[in-house]
Every structure is written in C-alpha cells, then in structure tokens.
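J.: build the 3D model from these lines:
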Amino acid sequence: MDVGNIASLATAMSSAKTDQEISIAVLKKAMDINAAGALALIEALPENPSVQSLPQHLGQNINTTA
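T.: Presented below is the predicted three-dimensional model:
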C-alpha cells in the first residue's frame, strides 16, 4: 500500500468514528428530551379520587368472547 492510501484510510476511519459518536450523542439527547416530555405528561394527569374509592376486586378480570 502507498503511504498516501494509508493516511487517507486512517482519516476516513477517524471521520466515520467521529460521525458515529456525534449521531449517538444526538440520539441520547433526543431520548432524554422524549423521556422528560413523557414524564411531564404523566405528572400532568389529574388525580381522580373517585377511582381510589372503588372496591379492590374491580378491574382484575377481563371478560372476552371469541
């Protein structure tokens, strides 16, 4: 191999690694933002006291027919 080819290959590999690291960092940031948004939505749900006063056996079974 030519020295120029080796240098070119090393530069291309380094650039690809950097691009991959940047993509992973952006993906992690997007996942963090989505998680924060989901948590905000869950926390925004109002408390429903009428559900808390229901008997414990309700909601344990699902009746289905085929």
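J.: longest helix in this structure, by residue count?
T.: Scanning the chain for the helix with the most residues, using DSSP state H, yields helix 3-44.
J.: tell me what that one is packed against?
T.: In terms of contacts (3 or more C-beta pairs under 8 Å, 6 or more residues apart in numbering; DSSP states H and E), helix 3-44 is packed against no helix or strand at all. Where you see a C-beta, it was placed from the backbone N, CA and C, and this is true even at glycine.
J.: what stretches of the chain score poorly on pLDDT?
T.: 1, 49-52, 66 (pLDDT under 70).
J.: rerun that using 90 as the cut-off
T.: Across the chain, the stretches falling below the confidence threshold (pLDDT under 90) are 1-15, 45-66.
J.: separation between the most centrally placed residue in it and residue 39?
T.: Most central residue of the chain, judged by C-alpha distance to the mean C-alpha position with C-alpha atoms, centre = their mean, is residue 31 at 3.9 Å. When C-beta to C-beta, to the nearest Å is the yardstick, residue 31 and residue 39 sit 13 Å from each other.
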